[in-house]
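structure of the sequence below:
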Amino acid sequence: MESLALTIKELTKTYSNGFKALHGINLTIPHGDFFALLGPNGAGKSTTIGIITSLIKKTRGKINIYGIDIDKDFVTAKTHIGLVPQEINFNTFEPIHEIIVNQAGYYGVPRNIATPEAEKLLKKLGLWEKRRQFSRKLSGGMQRRLMVARALIHKPKLLILDEPTAGADVEVRRLMWDYLKFLNENGTTIILTTHYLEEAENLCKNIAIIDDGKILENSSMKNFLSQLKNEKFILYTESKISKEFVLKGHKFSVIDDNTIEVSISTESDINSLINELSNKGIKVKSLKNKTSRLEELFMRLVDKNGK
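Numbering: from 1, shown residues only. Reported below is the predicted structural model:
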């Protein structure tokens, strides 16, 4: 088994109008990783994925997929890749089961092997009961799941997901998260781009942040999140908060009679704060992070790059 799923060296893309989308980026993704490629709109994420999957022609640079140089043997390299693009791009007048089985044929998988494999995938993704329906009748969330099933039918080692839960409701997102965790735990390397930063924080082991075609950060998720020294919480209280309320040692603001925003050190215990409030006669009913840790660091990094 190759130890590296993907190697990118000095990848550059300049479009015909002179716009430079990628400025010599470098990335190494080991086999078995769950990797987040994050960035604002127009940062270069989709261009990078397009080049990896041969949908976009690079200007220069090298890409190896499981040790195979895509310039020398993309036909073999692509058998290792499953792609879930942002856009819904299957035949909406084709039955769901046929979409999956026909996709397998493009990779040389015989129909007698693809048919039971399609059944497994559709059952796992909650689509088996709808297998005879035309795909156009599916909800947006179901169409997303169908695209994941289609990308997996030839059993790729590397799954690339470009905004896989865009437009999906909370229940569908959670189902997708569970299935992606299952795939990764069973050996599939996954590259994820998403605007739901909570999604990346919960799922991914390693991260790269790209902006203006340059890699700003490339580290483990754990190391990146450790850069955050303070977290902001919104606390909802049962009792009314007086105008004279004081909370020593913490930056805070009273949002309304029953809501406080508090900033605490990541080394502090939120339960200690709740106990402190309780001693002041203020019972906390519920709380939430104002933003996810990843979102806060992501915005700081991108804002700093834009200055």
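
only C-alpha atoms for contact and neighbour calcs from this point on.
OK.

who touches the helix or strand harbouring residue 183?
Element membership for residue 183 (DSSP states H and E) is helix 170-185. Residues from elsewhere that reach helix 170-185, judged by CA atoms under 8 Å, 6 or more residues apart in numbering: 32, 33, 34, 124, 125, 141, 145, 165, 190, 199, 203.

just the buried residues out of these, in ChimeraX syntax.
In ChimeraX syntax, the buried subset of the contacts of helix 170-185 is picked out as below (16 or more other CA atoms under 10 Å):
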select :32,33,34,125,141,145,165,190,199,203
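
any idea how far the nearest residue to residue 149 once chain neighbours are set aside is from residue 129?
Sequence neighbours aside, residue 121 is the residue nearest to residue 149 in space, at 5.8 Å (criterion: CA to CA, 6 or more residues apart in numbering). Here residue 121 is placed at a distance of 12 Å from residue 129 (CA to CA, to the nearest Å).

would you confirm that the residue nearest to residue 149 contacts residue 146?
No - with contact defined as CA atoms under 8 Å, residue 121 does not count as touching residue 146 (9.1 Å).

same drill for those two, tell me which one is more crowded.
residue 146 (26 against 20; other CA atoms under 10 Å).

angles on the backbone of residue 241, please.
phi -100, psi 130 (degrees, to the nearest 10).

next, the contact list for it, please.
Residue 241 neighbours (CA under 8 Å, 6+ apart): 254, 256, 257, 258, 259, 282.

how about residue 163?
So residue 163 contacts 85, 86, 192, 193, 194, 195 (CA under 8 Å, 6+ apart).

for the fourth one, give me the pLDDT.
This means residue 193. Note on residue 193: pLDDT of 93.

in the sheet, which residues pair with it? Tell me.
residue 162 (DSSP bridges).

quick check: it touching residue 45?
Yes - counting by CA under 8 Å, residue 45 is a contact partner of residue 193 at 7.4 Å.

between these two, which contacts overlap?
Contacts common to residue 193 and residue 45, judged by CA under 8 Å, 6+ apart, are 37, 38.

which of the contacts of helix 170-185 sits closest to residue 235?
residue 199 (22.9 Å; CA to CA).

what's the neighbour count on the closest residue to that closest one other than its chain neighbours?
Nearest non-adjacent residue to residue 199, counting by CA to CA, 6+ apart: residue 177, 7.9 Å away. For residue 177, the count of nearby residues is 18 (other CA under 10 Å).
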